[in-house]
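# Sharing a model that was predicted from the sequence below.
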Amino acid sequence: MSSALSIVDDGAAVAAPEDRSYAHRVFWIAGYARSSDGARRVSEHLGAGWRVCELDADPSCDAPPTVEWLAARLLERIVALQPRGPYRLAGWASGGLLAYEVATQLAGRDETVAFLGIADASLSTADAAARPGHAADVPAGERLVELVAESNATGGVVARSRDMRRAEWLRLFDGEADGGQANGGGIDPRELIADAATSDFAEIASRCRDAGLLPPGLRGLSDAQLLRWLDRWAALDHAFAHYEPFSLSMPVHWFELRSAGAAAALPDLADGWAARLEPGEIRVVDVPARHASVGGAAPALGRAIAHALQDERRAAAGGGEQNAHPPEASYSPHLPIQRGAPGRRPVVLIPGAGDNVATFLPFTIAAEPGWPMHGLQPRGLDGVLAPYASVDAAATAYLPVVERLTADARAPVHLIGHSFGGWVAMEIACRLQAIGRPPASLTIVDTEAPASAGRLGRQYTFASVVWNLARALEQATGRPLGIERDALFRADRRGQWAMLHRGMVDARIIRSGAGLHDVQGIVRTYGTALRTAYRPADVYAGCATLVLAADGDDAERGFVPDDVLSGWRRFAPRMAMWRCPGNHYTMIRPPHVERFAQWWQQAVRSDGDPAAAAAGAALGLASN
């Protein structure tokens, strides 16, 4: 068999007749450059049997995209082509960053990533705040001139630039000796910078073409096509500038390309990746190439990737434990809280976004001591393992625990999910219903309706996640973190982390000696939940109760209680509602948790009809 290339566009792959199996497929992720020739040339040097499918991260959407959103769309297309792992991913420069996030989300689904290759991508773009010239609202002429000016910066195409974006622009010239510095029209790009603010785009584009300042692939584009191309780059600028790569517990091959005769790979370029990986997981591969363009580097890069793929294949054939069982798959979420008395049905407690099982300790204390209490701890709070990437993934991991508790008790369990945990509880209830063993009760605590226009399931930049988390922590603790919104969004990545860490220490949420690592897991799991959308596949036919905070700012949260209940009833028609004292967080903490525990115990004792109990309890609350 020979290697083959499938260029995947709009979700359709071109089948390679030599090999239709998953075993030899590599997904090549394109970023800024989107050069199919690059993937094709690398494919030609992979050796026999490998099939390369190139996927483009199309950033077209109504809002500026995030890397997480782009990766989620790529993942949908990958899973459509290959429903199960092991997966093999690779990408050049910005495509490598996208491949990294795709791998992260696959790990969050408990899928195996057998190979992740990142070629020539530093983390300088991800570590910095967005530069003003990268913004989509900057006039297109200025954005074009800014890119043209990159070609004339000192060092040319073979320079070891730490700016991934500049390096990809230069590679579009693909081996031209001047790297875009040709100037047949006698125009100094610095003159264009001065004119860009006042000249219209057509004039700027024409002058760039006449001067030979555009890469070969752009010289034949019309003004309209060039504008679309620039919009694409601006969208990717936004995505990469606001991306924070988190830890991965899998091997990552980092291929450092260098021109023949140039110095070997600089250790500090790989250090950014090493800081995001567990010790020993980064494999730095030095790739001497004829020159650093796509064409010049492709043979050497193809051979280097082929060698790494063969090593992975041999390890898998030899029963390599890491390939068969990623660390995420071994995670156990079950945390017993209280043994309880014989004959009592177990209570399963599922915390919300970025929270942990300890948030239910006040409820356990407030309830009668005979209840067996069991927590399901969200994965990723340790800052090492990837959080569950979807409600489906979390429910799949939790369901065996719930089934075991059901079998041990010989009785159905009570499910209680708070905030994001309410969605997970709903999904578990639907799955238990599907196998004929529905839960004894389902209680959804202050959770927005699935498939609604709420806060969950949207795009969030890193700064937006930090800001939302800071406000949530303030509401939960009643103590200020001292973070000012404008200052947070203006700060670079290091400054943003420092603000959150200092605020959490000052608010006594973490100890004074805690390191940044203690914060990363909370931010990561919280952000993953914020970005997660959910639509139940089935309708839950049993009784259920939606408990909404009575003292929360419904207008600020976008909560209209009756609308939330109506939204839930699309998926749980027998859903009732009860308003609990307190806000989103204090409703399950003293003193309000005593009222919540009292109501819940009354509800589950009323002959399995929480709806009737909810109505009576609501009258009792109103009279207090």
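Everything's here; your move.

# ok, S452 - contacts?
Residues in contact with S452 (CB atoms under 8 Å, 6 or more residues apart in numbering) are 564, 567. All C-beta atoms are positioned from the backbone trio N, CA, C, and that covers glycine.

# at 6 Å instead, please
G567 (CB atoms under 6 Å, 6 or more residues apart in numbering).

# Could you give the secondary structure assignment for it?
Here S452 is recorded as coil under DSSP: H, G, I helix; E, B strand; the rest coil.

# so where do the strands sit in the protein?
4-8, 25-30, 51-56, 87-92, 113-119, 252-259, 282-289, 334-338, 347-350, 373-376, 414-418, 441-445, 544-549, 575-580 (DSSP state E).

# export those strands to CSV and tack on mean neighbour count, mean pLDDT and distance to I428?
Output for those, formatted as CSV (neighbours: other CB atoms under 10 Å; pLDDT from 0 to 100; distance: least, CB to CB, whole Å):
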stretch, mean neighbour count, mean pLDDT, distance to I428
strand 4-8, 21, 42, 35
strand 25-30, 26, 92, 32
strand 51-56, 25, 89, 33
strand 87-92, 26, 93, 27
strand 113-119, 25, 93, 27
strand 252-259, 22, 82, 33
strand 282-289, 18, 82, 37
strand 334-338, 16, 97, 13
strand 347-350, 27, 99, 8
strand 373-376, 24, 98, 9
strand 414-418, 26, 99, 6
strand 441-445, 27, 98, 9
strand 544-549, 24, 97, 12
strand 575-580, 22, 97, 16
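
# mind putting these in a markdown table, distance to V102 included?
Shown next, in a markdown table, are the strands of the chain (distance: least, CB to CB, whole Å):
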| stretch | distance to V102 |
| --- | --- |
| strand 4-8 | 14 |
| strand 25-30 | 7 |
| strand 51-56 | 9 |
| strand 87-92 | 6 |
| strand 113-119 | 9 |
| strand 252-259 | 13 |
| strand 282-289 | 18 |
| strand 334-338 | 29 |
| strand 347-350 | 27 |
| strand 373-376 | 27 |
| strand 414-418 | 28 |
| strand 441-445 | 32 |
| strand 544-549 | 35 |
| strand 575-580 | 36 |
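
# G340 contacts P372, correct?
Yes: contact criterion CB atoms under 6 Å: G340 and P372 qualify, at 3.0 Å.

# Any regions of the stretch 151-300 of the chain where pLDDT drops low?
151-163, 174-190, 197, 259-271, 289-296 (pLDDT under 70).

# Apply 50 and report the result again.
Counting by pLDDT under 50, the stretch 151-300 of the chain contains low-confidence residues at 154-162, 177, 179-180, 182-184, 265-267.

# how about the helices of it, start to end?
164-171, 189-196, 201-210, 216-219, 223-241, 267-274, 294-317 (DSSP state H, counting those that start in this stretch).

# Let me know which of those helices is tucked in deepest.
Comparing these by mean neighbour count (mean count of other CB atoms under 10 Å), helix 164-171 ranks first with a mean of 24.

# now the angle from it to helix 294-317?
Angle of helix 164-171 versus helix 294-317, following axes from the mean of the first three to the mean of the last three CA atoms, to 10 degrees, is 120 degrees.

# per-domain residue ranges of the protein.
The chain breaks down by automatic domain parsing into domains covering 4-123+245-324, 142-164+172-237, 332-457+532-623.

# Would you mind putting those domains into CSV with distance to R493 alongside?
Formatted as CSV, the domains of the chain follow (distance: least, CB to CB, whole Å):
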stretch, distance to R493
domain 4-123+245-324, 10
domain 142-164+172-237, 15
domain 332-457+532-623, 16
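
# Of those domains, which is nearest G478?
domain 332-457+532-623 (8.0 Å; CB to CB).

# How far off centre is that closest one?
25 Å (CA atoms, centre = their mean, to the nearest Å).

# heads up, I number from 6, so please use that
Understood, numbering begins at 6; the last thing we discussed is domain 337-462+537-628.

# which residue sits closest to the residue positioned nearest the centre of the chain, ignoring its sequence neighbours?
Central residue of the chain (CA atoms, centre = their mean): E73, 4.1 Å from the mean position. Spatially, and ignoring its direct neighbours in sequence, E73 is nearest to R536 (5.6 Å; CB to CB, 6 or more residues apart in numbering).

# Find me the pLDDT at the one you found, would you?
Note on R536: pLDDT of 97.

# Could you do R574 as well?
98.

# Might you report the residue contacts of the closest residue to it other than its chain neighbours?
In space, and not counting its chain neighbours, R574 is closest to M580: 5.1 Å by CB to CB, 6+ apart. When contacts are counted by CB under 6 Å, 6+ apart, M580 is found next to 549, 551, 573-574.

# ok, now how distant is M580 from H597?
22 Å (CB to CB, to the nearest Å).

# Then E59?
For E59, the distance to H597 equals 55 Å [CB to CB].

# And for P356?
17 Å.

# So for those two, which residue has more residues nearby?
It is P356, of P356 and H597, that has more neighbours when counted by other CB atoms under 10 Å, with 26 against 21.

# Make sure the more buried one is actually in contact with F368.
No: using CB under 6 Å, P356 is not in contact with F368; the gap is 10.8 Å.

# what number of residues lie near E286?
Count around E286 with other CB under 10 Å applied: 17.

# mind checking the backbone torsions on it?
Reported as degrees, to the nearest 10, the phi and psi values for E286 are phi -90, psi -10.

# check contacts around it.
E286 touches P256, counting by CB under 6 Å, 6+ apart.

# go again using 7 Å as the cut-off
254-257 (CB atoms under 7 Å, 6 or more residues apart in numbering).

# now the residues you listed as TSV including distance to D67?
Output for the contacts of E286, formatted as TSV (distance: CB to CB, whole Å):
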residue	distance to D67
S254	35
M255	34
P256	37
V257	33
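
# Low-confidence stretches in the stretch 306-455 of the chain?
326-327.

# go with 80
Counting by pLDDT under 80, the stretch 306-455 of the chain shows low-confidence ranges at 321-330.

# which residue ranges form the helices in it?
Using DSSP H, counting those that start in this stretch, helices in the stretch 306-455 of the chain cover 326-329, 366-371, 396-414, 425-439.

# Can I get those helices in TSV including distance to L235 and mean neighbour count?
Conversion of these to TSV gives the following (distance: least, CB to CB, whole Å; neighbours: other CB atoms under 10 Å):
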stretch	distance to L235	mean neighbour count
helix 326-329	42	14
helix 366-371	54	19
helix 396-414	37	18
helix 425-439	38	25
